[in-house]
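> structure for the following, please:
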Amino acid sequence: MPQYLISTYIPEDFDPSLVTEETIEAIHALNREMVAAGVRKFACGLSPKAVTMRSHASGEVAVTDGPYLEAKEYVGGLLIMETESLDEVMAWMRKSAKALPGVVEVREIFFNPAPEQN
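Below is the predicted model:
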């Protein structure tokens with residue numbers, strides 16, 4: 001069954017202290033529903049702070065503070081779902097939009113397992 005990565009985006013001026021208990025409970029309720037349906041494999045929130053590493057052709061690795069891209073939004077959380085189809089994921093995300101409006105990005109995960117070693 002296909003798996004999908006859902007990334008949620010939060011504006012850079014997001015203030016977590018303004019999130020209401022009602023919103024938090026709506027998110028928890030949706031998570032419980034997805035777990036009960038067997039479609040949620042993993043979910044978490046992410047800190048806006050990041051460390052970025054970039055390798056150069058010279059072999060040097062540059063390390064910088066902050067997300068890789070300069071943007072007005074950052075990835076605030078991620079969810080991995082396993083469903084029968086993209087349509088099923090989209091139905092869940094429509095429910096999610098009622099609990100937490102904002103931008104989400106859905107991508108199918110391509111997984112190529114390593115060959116077994118003998």
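> strands along the protein, start to end?
Applying DSSP state E to the chain gives strands spanning 3-11, 40-45, 51-55, 61-65, 73-82, 103-108.
> out of those, flag the one nearest L30.
Relative to L30, the nearest member of the strands of the chain by Cβ to Cβ is strand 40-45, separated by 9.1 Å. Where you see a C-beta, it was placed from the backbone N, CA and C, and this is true even at glycine.
> what about the chain, any weak spots by pLDDT?
Along the chain, the parts satisfying pLDDT under 70 run over 66-71.
> hmm, try it at 80
When residues are selected by pLDDT under 80, those of the chain lie in 12, 47-49, 65-74, 99-102, 112-113, 118.
> one step back: want to try a markdown table for the strands of the chain, with distance to A26 and mean neighbour count as columns?
Converted to a markdown table, the strands of the chain look like this (distance: least, Cβ to Cβ, whole Å; neighbours: other Cβ atoms under 10 Å):
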| stretch | distance to A26 | mean neighbour count |
| --- | --- | --- |
| strand 3-11 | 14 | 17 |
| strand 40-45 | 14 | 14 |
| strand 51-55 | 32 | 10 |
| strand 61-65 | 33 | 9 |
| strand 73-82 | 14 | 18 |
| strand 103-108 | 15 | 13 |
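> and the spatially most central residue of the chain, what are its bridge partners?
Central residue of the chain (Cα atoms, centre = their mean): L78, 1.7 Å from the mean position. With DSSP bridges applied, L78 shows beta-bridge pairing to S7, C44.
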